[in-house]
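quick one, what's the 3D model for this:
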Amino acid sequence: MINLSVNINKIATIRNARGGNIPDLLKVAQDCETFGVQGITVHPRPDERHIRYNDVYRLKPLIRTELNIEGYPSRPFIDLVLKVKPAQVTLVPDAPDAITSNAGWDVGKHLDFLKELVDVFKTNHVRTSIFIGTDPDDIQCVAKTDTDRIELFTEPYASLYMKDREAAVTPFVRAATLAKQLGLGVNAGHDLSLENLGYFAAKIPWLKEVSIGHALICDSLYYGLEKTIGLYKKCLQLK
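Predicted coordinates:
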């Protein structure tokens, strides 16, 4: 089974809209684990418009599965990761004002920077993952960083899925296959949903993890959180 990590940024967004502590971010994270997820993902941004740095410190001692911290590796972000020491850090090339992640790294351009970061995090026993597209040159290049995993940016797949799902998934299968050949673990995330997740997982059954937030939280408004997590996990139970 491919692991499911739930991104709880949207829970923090709702909480922050009114102030106070409703919904309770920490309880939601613990409930997600109780309902069977294998990880919790947070993506703190500089303006703290959803997940706050203090949330991450409070979450760490409560998480029984895997905590994945993703974001742009600014100095404050690096310091946060080194203090918290999550199971995994996912490096994302977000601009400070980005609404959401919208591209993977240009690995060749940032190779030395990424190599240095990977070395720092791995020295501190934090598994590293680099957010990346499907370009084979980037896949080849990212292996030079000595990262443990990549996370495939799946928005292009989700956008094309309803029109031509085979064409949508093909570049991702090629990228994941190449990554596997190079000894990299493969994660995936962004715009994966109940609609498109099962097909993606069936085509790349060696995926280690998918990170899903927006769609899963939206679905939970209709189905409830426990049932929604069950539905997503069912998509990942490959035959």
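
please name the nearest non-neighbouring residue to Ala29.
The shortest distance from Ala29 to any non-neighbouring residue, by C-beta to C-beta, 6 or more residues apart in numbering, is to Ile40 (4.9 Å). The way it works is simple: take the backbone N, C-alpha and C, and place the C-beta from them, glycine included.

contact partners for the one you found?
Each residue near Ile40 by C-beta atoms under 8 Å, 6 or more residues apart in numbering is listed here: 5-6, 8, 29, 32-33, 59, 63, 65-68.

need the phi and psi values for the residue nearest the centre of the chain.
Centroid-nearest residue in the chain, with C-alpha atoms, centre = their mean: Ser211, separated by 4.0 Å. In this entry, Ser211 is assigned phi and psi values of phi -110, psi 120 (degrees, to the nearest 10).

just checking, it touches Leu67?
No: the pair Ser211 / Leu67 is not scored as a contact, 11.8 Å apart, by C-beta atoms under 8 Å.

anything in contact with each of the two?
Residues touching both Ser211 and Leu67 (C-beta under 8 Å, 6+ apart) are Gly39.

which residue ranges form the helices in the protein?
Ranges of helices in the chain, per DSSP state H, are 9-18, 25-34, 53-59, 75-84, 111-123, 136-142, 155-161, 165-181, 197-203, 214-223, 225-236.

quick one: closest of the ones you listed to Gly104.
helix 136-142 (6.9 Å; C-beta to C-beta).

give the rounded mean pLDDT of the closest one.
What helix 136-142 shows for mean pLDDT is 96.

same check, this time on stretch 18-30
96.

who does the residue nearest to Ala29 form a beta bridge with?
Beta-bridge pairing for Ile40 (DSSP bridges): Val6, Leu67.

what sits against Ile130?
Ile130 neighbours (C-beta under 8 Å, 6+ apart): 90-91, 104-105, 107, 114, 118, 142, 145, 147, 149-151.

before we move on, back to that, just send the helices of the chain back as JSON lines, with mean neighbour count and distance to Ile130 too.
What follows is the helices of the chain, written out as JSON lines (neighbours: other C-beta atoms under 10 Å; distance: least, C-beta to C-beta, whole Å):
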{"stretch": "helix 9-18", "mean neighbour count": "17", "distance to Ile130": "20"}
{"stretch": "helix 25-34", "mean neighbour count": "19", "distance to Ile130": "24"}
{"stretch": "helix 53-59", "mean neighbour count": "16", "distance to Ile130": "20"}
{"stretch": "helix 75-84", "mean neighbour count": "15", "distance to Ile130": "14"}
{"stretch": "helix 111-123", "mean neighbour count": "16", "distance to Ile130": "6"}
{"stretch": "helix 136-142", "mean neighbour count": "18", "distance to Ile130": "6"}
{"stretch": "helix 155-161", "mean neighbour count": "18", "distance to Ile130": "16"}
{"stretch": "helix 165-181", "mean neighbour count": "17", "distance to Ile130": "11"}
{"stretch": "helix 197-203", "mean neighbour count": "19", "distance to Ile130": "19"}
{"stretch": "helix 214-223", "mean neighbour count": "17", "distance to Ile130": "21"}
{"stretch": "helix 225-236", "mean neighbour count": "18", "distance to Ile130": "22"}
